[in-house]
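Student: generate a structure from the sequence data that follows.
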Amino acid sequence: MRQTNLRVLKLTFTGATAFWLPDVLWHWHAARRGDWRLWDILGASVLMCLTLLAAYLFFKKRHPGCAVGAPMMLGVWCFGGFFIMVAWSFEHAFFGSARWLSGRPEIIAAGGIPFFTYIVSAYDASLGALLLVNLVAIVIVLFQYRLAARRRKVSE
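Tutor: This next block holds a predicted model:
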């Protein structure tokens, strides 16, 4: 039981990091360059999806009988607000400002609320990647459910 909880926590943090870290790094690069273009949005979105898919496939291969996708998606949604705020700090929009803590502590607390992730990802230009990853996750779940139903039908 304890090992299962530790695995779920590891998968949750891995999912969040695998999906949102490319966004943070892309914001850092764009802030150093001084602008943010359409290609930046598309490139970051593709990279975010691919890194999460690579992490999913890696952990699915290491833990074949375990649910890997749900904890990873939980991490994407629960830690998205935090990672977006960190990404904005490179543009001096949030943590980069001198008064970030005294300005809006309720925004910092809301960083762990999944609906907040949805809202700020629209401003972050990562909403497309977030919606695409969720769509792919739903398709994977439906495919696995259908495959399990076929296996039960064959074994009967």
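Student: show me where this protein has helices.
Tutor: 2-33, 38-62, 69-78, 80-89, 100-103, 105-110, 114-124, 127-155 (DSSP state H).
Student: make a markdown table out of those and add mean neighbour count and mean pLDDT.
Tutor: Where you see a C-beta, it was placed from the backbone N, CA and C, and this is true even at glycine. A markdown table is the format used below for these (neighbours: other CB atoms under 10 Å; pLDDT from 0 to 100):
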| stretch | mean neighbour count | mean pLDDT |
| --- | --- | --- |
| helix 2-33 | 17 | 86 |
| helix 38-62 | 16 | 91 |
| helix 69-78 | 21 | 92 |
| helix 80-89 | 23 | 84 |
| helix 100-103 | 12 | 52 |
| helix 105-110 | 12 | 60 |
| helix 114-124 | 17 | 82 |
| helix 127-155 | 13 | 87 |
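Student: grab the most central residue of the chain for me.
Tutor: residue 76 (3.0 Å; CA atoms, centre = their mean).
Student: okay but that one is in contact with residue 15, surely?
Tutor: Yes. Using CB atoms under 8 Å, residue 76 is in contact with residue 15, at 5.3 Å.
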